[in-house]
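Asks: Here is the input, now give the coordinates:
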Amino acid sequence: MKAARWYEAKDIRVETIDEPVIAPGKVKIKVEWTGICGSDLHEYAAGPIFVPVDEPHYVSKDKAPIVMGHEFSGQVAEVGEGVTKVQVGDPVVVEPILSCGECPACKKGKYNLCEHLGFHGLSGGGGGFAEYTMVDEHMVHKMPEGLSYEQGALVEPAAVALHAVRLSKLKAGDKAAVFGAGPIGLLVIEALRAAGASEIYAVELSAERAAKAKELGAREVINPKEENVVERLRELTDGGVDVAFEVTGVPAVLQQTIDSTSFEGETVIVSIWESEASIQPNNIVLQERTVKGIIAYRDIFPAVMELMQQGYFKADKLVTKRIALDDVVTEGFEALMKEKNQVKILVKSQSE
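Replies: Take a look at the predicted model:
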């Protein structure tokens, strides 16, 4: 079968590898659509971050080259002995977290905080940029009627956004700002709308993404090249937002995000970082602000699909390009590096 495998930064190859062979407790999936994630782009541009290179990953027992792709939907092609959750033909999405089940976080059910955290499609074991992949039964969620496979490919990134908002201190009626209107930032805007935020502001350089942010619920979008972001946000909100979300991974933006909040405000860091960022702790201390990080999601995929059925996180508003697996590097990764008007690119794993 065809698959896109990561060898090193700037080296992803579409090549022929063996199809996975079904095993007890496993589900083999015929992949339909896979999204290119910001994490994938980090691995392509400056990895390895989650990709195991020197030693095999603790859970997957795999190391580079690995099949990429962790935001995907597909159809159950085969089930292993003992599998009861799904059957052949079911449309499914995959919650791609690899966790050990043994560490303190896992024992408390917080599997996204696993000491050995990895992701199917980033840390080995297969991935969505392939015609077929195979996962443990517990990672599979059957899609409800009415959701398309394209919509299914957005469940994973929407779960990141919803988890970020749910773990924040935001209450209905609060004001929020989202720094970065890429795919996750846009999904955070929608999650904030679902959570009842009264005012949502976005900070974004790209005119196309700014327009999309407004379409999805941002009251105003501030261009940091044209205005002082912190001053403008404090002016618009009479002193700062209740919660700000950092979704850029750009070091200079972190301090702006913190400074945009009111006294006792909260900053939620959603980004995965390629480098360190400096902040002035007094800006936190003297206003009794809080800063917290979130990683991935847990126990949230069913809620995301329920919101999708209510009209949130719609693929037709977020997907800007659809490409074939053969073109994943040139029309996918390279396009996202160069074209800031792109929002979400989906990759079709099956040849027509």
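Asks: What is the burial count for the nearest residue to Gly293 once chain neighbours are set aside?
Replies: Distances taken as C-beta to C-beta, 6 or more residues apart in numbering put Ile269 closest to Gly293, at 4.5 Å, once the chain neighbours are dropped. Yep, even glycine has a C-beta here, placed from its N, CA and C like the rest. A count of nearby residues for Ile269, using other C-beta atoms under 10 Å, gives 21.
Asks: need the helices for this structure, in chain order.
Replies: 38-46, 104-107, 149-152, 155-167, 183-195, 207-216, 229-237, 251-259, 282-285, 301-309, 315-318, 334-338 (DSSP state H).
Asks: Distance from the chain centre to the first one, please.
Replies: Chain-centre distance of helix 38-46: 12 Å, with C-alpha atoms, centre = their mean, to the nearest Å.
Asks: rewinding a little: ok, which of the helices of the chain comes nearest Val31?
Replies: Smallest distance to Val31 across the helices of the chain (C-beta to C-beta): 9.3 Å, for helix 149-152.
Asks: other SSEs contacting that closest one?
Replies: Packing contacts for helix 149-152, counted by 3 or more C-beta pairs under 8 Å, 6 or more residues apart in numbering; DSSP states H and E, involve strand 26-35, strand 71-79, strand 91-94.
Asks: What mean pLDDT does that helix get?
Replies: Model confidence over helix 149-152, given as mean pLDDT, is 97.
Asks: Over to stretch 117-124?
Replies: The average pLDDT for stretch 117-124 rounds to 97.
Asks: That stretch spans what distance, first to last residue?
Replies: Using C-alpha to C-alpha, to the nearest Å, the end-to-end distance of stretch 117-124 comes out at 12 Å.
Asks: Quick one: residues in contact with that stretch.
Replies: Applying C-beta atoms under 8 Å, 6 or more residues apart in numbering, the external contacts of stretch 117-124 come out as 34, 39-40, 43, 50-52, 56-63, 66-72, 94, 96-99, 126-129, 133, 135, 139, 295-296.
Asks: swap the cut-off to 6 Å and go again
Replies: 50, 52, 57, 59-60, 62, 66, 68-70, 96, 98, 127-128, 135 (C-beta atoms under 6 Å, 6 or more residues apart in numbering).
Asks: How about stretch 248-261?
Replies: Contacts to stretch 248-261, defined as C-beta under 6 Å, 6+ apart, come from residues 177, 179-180, 229-230, 233, 240-241, 244, 246, 267, 271, 273, 277, 279, 283, 289.
Asks: hey, what's the closest residue to Val347 other than its chain neighbours bridged with?
Replies: Nearest non-adjacent residue to Val347, counting by C-beta to C-beta, 6+ apart: Thr34, 4.8 Å away. With DSSP bridges applied, Thr34 shows beta-bridge pairing to Phe72, Val347.
Asks: Begin at 256 from now on, thanks
Replies: Done: numbering now begins at 256, and the last item shifts to Thr289.
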